[in-house]
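[1] My questions concern the predicted model and sequence given below.
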Amino acid sequence: MNKPGKDIKITEVCLRDGSHSVAHQFTEKQVRDVTRALDDAGMHYIEVSHGDGLGGSTIQYGRSLVDEMKLIEAAVEEAKQSKIAVLLLPGIGTVHELKEASKRGAKLVRVATHVTEADVSAQHIDMARELGMEALGFLMMAHSAPVEKLVEQAKLMESYGAQAVYVTDSAGALLPHEVRERVRALRENLDIEVGFHGHNNLSVAVANTLAAIEEGATRIDGAVRCLGAGAGNTQTEVLLAVMDRMGYDVGIDLYKMMDLAEDVVGPIIPGSQEIRKGSLALGYAGVYSSFLLHAERAGKRFGIDPRDILIELGEMKVVGGQEDMIIDVAANLSKKQAVEA
Ligand SMILES: CC[C@H](O)CC(=O)C(=O)O
Ligand SMILES: [Mn+2]
C-alpha cells in the first residue's frame, strides 16, 4: 500500500528565516554547503533571501553580509533537484527584485503580507505568474486576526492567482487547536493548497505542524536545527522523523537530514536555539519572532528588560515593518521608569 505524504511539499527555511538568527551574515560558502547537503537529501524547496525577504538588506532590517542575489545564484548552482524559493514582502521587496531573483533561477516566491493586508500582494503574485514562477501567499501573524478575516484575506490572494496560501505563525503564538481551526477553515473555503509555517516559541511547532498536516495542509515549512527567528521554526529533521513514524513518506532521506543538521548547519548556529526567556516572551506576547534581536539590542541601549519591550509591542499590536517602534517603546519605557524611580 502507498504511504500518504507524496502530496506534501517541504520548504526548508533555515537559509531565509535563519538569516534573522545570524543577523543576515550568511556567507556564500555557508549557503552553498547547506544547499548542496539539502539537495542531496532530497529537500523539495530551499528558501534563500534576506530574513525580511528580497530587498530587506537595509539599516531598518539589518544589512546582509553578502548580496542576496549572489546567494540565490549560488544556491541555484548547487541545487540539482531542489527548487530555490524566495520570500517577498511587498513594500520591502519590489517587482524589480522579483525579476532579478527569477533571472537567477528562483522558481517559487512566497508573497508575504500582514494577515489583514493581502490586497498589497496582487501585483507581485501577478508578476510571479507572468515570470513562470510558482506564486504562493503567506499571511503573517495569523494568530492576530479572527478566522473569518484570515479566510477573507486568503480568498483575496487566491483571486490574485496564488497557488497556495500559508497560515504563518510568525510569533509562534498559535496552539494546536487554533492551527487546526485555521487550516480547516482555509481548506473548506479555498480551491488551492494550504500551507503552514510555524515558530517554536511555545515549544509546539512540531505539534502545530502535525495538526496542520492532519487538516490537509500540503505546503509545510521547517528549519534544520530550528535555525530561524526567535526560538526558530519547526525543526525539519524532527518533523520528518515524526512524520515517518506516523506513516507519511515525503521522499526525503532522514539520515542525511540528521547528518547535515549536525555537521553542516550545526557549526553555523550562533547560540543555542533552545527556548529562552526572550523567545518565550515572543510567543507569550504574540510578537514577530524577527523582533527579538532588535528588542534585545534596544533593551541593552536603554537599560530595559527586553521582555517588557516585547510585552508592550504585543499590546500595541505592532506589525512587521514597524521595527523603528521597538526603539520608541524602549525609550518610552526608560523615561517612564526614570519618573517612577
Ligand atoms: C519579517 C518577515 C518574516 O520573517 C517572515 C516570516 O517568516 C514570518 O512571518 O514568520
Ligand atoms: Mn518565520
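    Here it is on my side, so go on. Ligands and ions are numbered 1, 2, ... in the order given.
[2] in a helix, that's where Leu260 is, yeah?
    Yes. With DSSP: H, G, I helix; E, B strand; the rest coil as the criterion, Leu260 is assigned to a helix.
[3] Quickly note the distance from it to Leu227.
    Distance of Leu260 to Leu227, computed by Cβ to Cβ, to the nearest Å: 12 Å. C-beta coordinates here come from the backbone N, C-alpha and C atoms, glycine included.
[4] Can you tell me the element the closest residue in space to Met157 that isn't next to it in sequence falls in?
    Setting aside the residues directly before and after it, Met157 is nearest to Gly137 in space (Cβ to Cβ, 6 or more residues apart in numbering), at 3.3 Å. With secondary structure defined by DSSP states H and E, Gly137 is part of strand 134-140.
[5] which residues of the protein score low on pLDDT?
    Along the chain, the model assigns pLDDT under 70 to residues 1.
[6] So for Leu260 and Leu227, which residue has more residues nearby?
    Neighbours per residue (other Cβ atoms under 10 Å) separate Leu260 from Leu227, with Leu227 holding more: 28 against 24.
[7] What residue in the stretch 151-300 of the chain comes nearest to ligand 1?
    Each residue of the stretch 151-300 of the chain has a distance to ligand 1, by Cβ to the nearest ligand atom, and the smallest belongs to Ser170, at 3.1 Å.
[8] Remind me what the helix or strand where Met69 lies packs against, helices and strands.
    For Met69, the enclosing helix or strand under DSSP H and E is helix 68-78. When contacts are defined as 3 or more Cβ pairs under 8 Å, 6 or more residues apart in numbering; DSSP states H and E, helix 68-78 sits against helix 28-41, strand 83-88, helix 95-103.
[9] so of those, which one's packed in deepest?
    When you average the neighbours per residue for each of the helices and strands packed on helix 68-78 (mean count of other Cβ atoms under 10 Å), strand 83-88 leads with a mean of 27.
[10] which residues of the chain fall in helices?
    Taking DSSP state H as the criterion, the chain carries its helices at 18-21, 28-41, 68-78, 95-103, 122-130, 147-160, 176-189, 205-214, 236-245, 254-260, 277-285, 292-302, 306-316, 324-340.
[11] Turn those into a markdown table, including distance to Gly195.
    Supplementary listing: the helices of the chain in a markdown table, determined by distance: least, Cβ to Cβ, whole Å:
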| stretch | distance to Gly195 |
| --- | --- |
| helix 18-21 | 19 |
| helix 28-41 | 18 |
| helix 68-78 | 21 |
| helix 95-103 | 19 |
| helix 122-130 | 15 |
| helix 147-160 | 10 |
| helix 176-189 | 9 |
| helix 205-214 | 8 |
| helix 236-245 | 14 |
| helix 254-260 | 20 |
| helix 277-285 | 20 |
| helix 292-302 | 23 |
| helix 306-316 | 25 |
| helix 324-340 | 28 |
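[12] Good, wrapping up.
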